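*Asks:* with the input below, show me the fold.
(chains A and B)
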Number of protein chains: 2
Amino acid sequence: MTLNVSDIGEKELVKYIIANSKDIIPDDTAITSFNGSNLISTCDMLIQSRHFPKNMSYFDMGFKAVTVNVSDLAAMGAEALGFLLSIALPKDLNLDCFKQIIDGVLSACDYYSIPLIGGDTNEASEIIISGTALGLCDKPLLKDTYNKDDLIVLTGDIGIAALGFNLEEMNNIYVKKALKPIARLNEGIQIKNAGATSATDITDGLASELYEMKKDGFGFVIYEEKLGISDEYKRIANWLNLDYLDLVLHVGEDFELVFTISEDNLRNLGIDYKVIGKVTDSDKIEMVLENGLVEEIKNKGYEHYVSG
Amino acid sequence: MTLNVSDIGEKELVKYIIANSKDIIPDDTAITSFNGSNLISTCDMLIQSRHFPKNMSYFDMGFKAVTVNVSDLAAMGAEALGFLLSIALPKDLNLDCFKQIIDGVLSACDYYSIPLIGGDTNEASEIIISGTALGLCDKPLLKDTYNKDDLIVLTGDIGIAALGFNLEEMNNIYVKKALKPIARLNEGIQIKNAGATSATDITDGLASELYEMKKDGFGFVIYEEKLGISDEYKRIANWLNLDYLDLVLHVGEDFELVFTISEDNLRNLGIDYKVIGKVTDSDKIEMVLENGLVEEIKNKGYEHYVSG
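*Replies:* From the prediction side, this is the model:
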């Protein structure tokens, strides 16, 4: 039997590339030391049928293409240096739609103060937006450089976009976050400066990111009650026949940061945050549920919200 | 009547992006000055149905995705710093095909001594390979900084790939060049060091590139006899019912460099080259044909070889 790429999944494909390249560091973002600093570079491609919900505006597609890339800079604590845009469009796309996408890209570049420095256009059967974000950082935050007893901290609420993808009614915070997430660029710099020991952005769900961060001999314990899941949130999830913990742990797309930091250093941090757990030496990723039971968090992987 | 993106064409779409961004320089490649040097960055996306001929191997697809990006560094005289790969694949693609594409990417990175520093994979209905090349350059070569009486010079033969796209028989230099073009990275650095005044890579045909290079008050004269078009070349084109000058001027894809340089500085250049013309003040782009007649070269634009 011959295997297809879908049989092994995207993370395994990336692992294959990493294993066969001597120069890639296994992170979402490349670090190239350069004139006494580090050049940070990252690229992410968004594909209409896969990454853009049907009710997303063209403006928001352009905005999100910048956000997903800037979020990788944020996770390292990098400053933004420049953004490159490579866009492919169906030939029968209305010119106004193209202009709205570009408006979205430019608005996002303004919002994050990252200059759009290059662009390329192409023709394809659906909209494809590939971005590259470049940044600078003296000491980039990696994913797995934490110590035992470091606190595990979030920059904001998670699961919000996950719920939004399932709602028809547009005018609520859930759908707004799903359609126009914001990367935590400034927060990333402050987190790094406060002395965080590691960080990543939550694009594929908290569970998946924790598995990405895990190293041998270390574990994490997360407290459900500290995730700040509101009663309203649970009610809506229930009404949609969805498991609220599934949404919070396994979907992502909020572009919040999860980071580790010592209790002492956390006192220096002047942004809103939420302590949700601690680094352990259990070699497991566990959650203490609201009812007091302890469960191992499974790595179910990320399931895209647009069904293929 | 509402316009679609295909009504105005890719170059106009790029112009719209440039006109609306305060930070883009109108070149194929971005220049970001940084700690006394310049970071050069460029991105290009290749799409299977549009950029890969049917007889192209998966290995050659991967190789070409690096070449098209490295060629933009070559045109500036930049040194290679790093390559980022963003690849989308149909889910039923055989895993071996994926591995062959990655082998092609890695072989090209080895060939150009450019480290593959990052990667991202995705799912799409056809193969899409988006690359970003990063480079360094003290004084990047631009497209339009030439002087009157500078010579117009090529790094090699043009039109070779153009003919190759039209041939069924695989075992000849034309098809080989069409399927596996090579970027002139080292030549670009030597051209810059020799004191060239401007340069670009020929991806869209010599005519199109000369129109990209043209500035007000200046013109170019090209001599057909200096293009080195062989009798064999003319014979094959004729046999295919194709106009050989059309192939040489309007197709491209050879990834040779065209550059301008003073006669004195050209003597310092230790690579193979071909002087094909001169910068004038005629405000026209002209060609002296082999029969002595002078014709204006039209900007017919680039026509992709894979019909859509």
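*Asks:* hang on, residue A:70 in a helix?
*Replies:* Yes - read with DSSP: H, G, I helix; E, B strand; the rest coil, residue A:70 is one of the residues of a helix.
*Asks:* how near is the residue nearest to it when sequence neighbours are not counted to chain B?
*Replies:* In space, residue A:70 comes closest to residue A:183 once its chain neighbours are excluded; the distance is 4.2 Å by CB to CB, 6 or more residues apart in numbering or on different chains. In short, each C-beta sits where N, CA and C put it, glycine included. In this structure, residue A:183 and chain B are separated by 16 Å, where distance is defined by CB to the nearest CB, to the nearest Å.
*Asks:* ok, now residue A:205?
*Replies:* Taking CB to the nearest CB as the criterion, residue A:205 is separated from chain B by 17 Å.
*Asks:* show me the contacts for that residue.
*Replies:* By CB atoms under 8 Å, 6 or more residues apart in numbering or on different chains, the residues touching residue A:205 are A:162, A:249-252, A:300, A:302.
*Asks:* show the buried residues in the residues you listed.
*Replies:* A:162, A:249-252, A:302 (16 or more other CB atoms under 10 Å in any protein chain shown).
*Asks:* from the contacts of residue A:205, which one has the minimum pLDDT?
*Replies:* The pLDDT minimum for these sits at residue A:302, where the score is 50.
*Asks:* follow-up on the earlier one: just flag the most distant two among the contacts of residue A:205.
*Replies:* In terms of CB to CB, the contacts of residue A:205 reach their longest pairwise distance at A:162 and A:300, which sit 12.9 Å apart.
*Asks:* dihedrals phi and psi, the spatially most central residue of chain A?
*Replies:* Residue closest to the average C-alpha location in chain A (CA atoms, centre = their mean): residue A:203, at 2.7 Å. Taking degrees, to the nearest 10, you get phi -100, psi -30 for the backbone angles of residue A:203.
*Asks:* repeat for the one 3 residues further on
*Replies:* In terms of degrees, to the nearest 10, the main-chain angles of residue A:206 are phi -60, psi -40.
*Asks:* now swap in residue A:62 and tell me
*Replies:* Backbone dihedrals for residue A:62, given as degrees, to the nearest 10, come out at phi -60, psi -40.
*Asks:* pLDDT at it, what is it?
*Replies:* The predicted local confidence for residue A:62 comes out at a pLDDT of 97.
*Asks:* measure the closest residue to it other than its chain neighbours to residue A:45 for me?
*Replies:* Sequence neighbours aside, residue A:104 is the residue nearest to residue A:62 in space, at 2.6 Å (criterion: CB to CB, 6+ apart). Taking CB to CB, to the nearest Å as the criterion, residue A:104 is separated from residue A:45 by 16 Å.
*Asks:* spell out which residues of the stretch 101-250 of chain A are next to chain B.
*Replies:* For the stretch 101-250 of chain A, the contact set with chain B under CB under 8 Å from any CB of the partner chain comprises A:102-103, A:106, A:109, A:115-126, A:128, A:130, A:132, A:134, A:136.
*Asks:* among the residues you listed, which are located in strands?
*Replies:* Secondary-structure check on those using DSSP state E: residues within strands are A:116-123, A:128, A:130, A:132, A:134, A:136.
*Asks:* ok, which pair from these is furthest apart?
*Replies:* Using CB to CB, the two most remote members of those are A:123 and A:136, lying 34.2 Å apart.
*Asks:* so the nearest residue to residue A:203 once chain neighbours are set aside, which state does it fall into?
*Replies:* Here the nearest residue to residue A:203 in space, its sequence neighbours aside, is residue A:252; by CB to CB, 6+ apart that works out to 5.1 Å. Secondary structure for residue A:252, judged by three-state DSSP, is coil.
*Asks:* wait, what's in contact with residue A:252?
*Replies:* With contact taken as CB under 8 Å, 6+ apart, residue A:252 is in contact with A:158, A:161-162, A:202-206, A:208-209, A:302.
*Asks:* residue A:290 reaches residue A:225, doesn't it?
*Replies:* Yes - when contacts are counted by CB atoms under 8 Å, residue A:290 is listed as touching residue A:225 (5.3 Å).
*Asks:* how many neighbouring residues does residue A:16 have?
*Replies:* Burial of residue A:16, expressed as a neighbour count using other CB atoms under 10 Å in any protein chain shown, amounts to 18.
*Asks:* fine, thanks again, bye for now.
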